[in-house]
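> Need the 3D shape of this:
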Amino acid sequence: MYGSMDPKSSESNRLLDDSLMVTDESGRIGEETLSKLQAQRETLEAASAQAVSTQSTTQQARTVMRNIEFKVFKEKAVLTLIIVVLLAIDGGLAYLLVQNKGSFFGKR
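Modelled structure (predicted):
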């Protein structure tokens with residue numbers, strides 16, 4: 001194959017062939033590994049982009065929830081104020097009834 005056929009040369013040629021086969025196999029395995037790593041990189045980049053999108057959506061939802069919470073608080077405050085005013089009016093009317101012996105407008 002590579003020249004003379006003496007035993008040392010034949011053994012060297014066999015070892016050289018084995019080394020070439022191992023090198024070819026290592027190259028093939030390296031290419032497969034590189035291909036798999038590239039696919040993993042693409043998957044991780046897509047996942048990272050999705051995570052960024054999810055964070056943005058979460059921040060928007062948090063802002064909407066704060067706005068809703070503030071509106072609910074305002075509504076409760078207004079309702080509480082209305083109840084207090086109505087209780088004051090009821091108290092005033094009850095006072096008038098007691099002072100005027102059952103009449104709102106005094107003695108008749």
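> Give me the three-state assignment for A94.
Applying DSSP: H, G, I helix; E, B strand; the rest coil to A94 yields a three-state assignment of helix.
> three-state assignment of F105?
Here F105 is recorded as coil under three-state DSSP.
> Quick check: mean pLDDT of the host helix or strand of Q38?
Element membership for Q38, per DSSP states H and E: helix 7-99. Regarding helix 7-99, the rounded mean pLDDT is 94.
> how far away is L86 from T80?
Relative to T80, L86 is positioned 11 Å away (Cβ to Cβ, to the nearest Å). C-beta: built from backbone N, CA, C; applies to glycine.
> Quick check: E25 vs S19, distance?
Per Cβ to Cβ, E25 is found 11 Å from S19.
> for E69, same thing?
72 Å.
> do the same with E42
35 Å.
> Can you tell me the number of residues neighbouring S12?
With neighbours defined by other Cβ atoms under 10 Å, the count for S12 comes to 13.
> Look up how far S26 lies from it.
Distance of S12 to S26, given as Cβ to Cβ: 21 Å.
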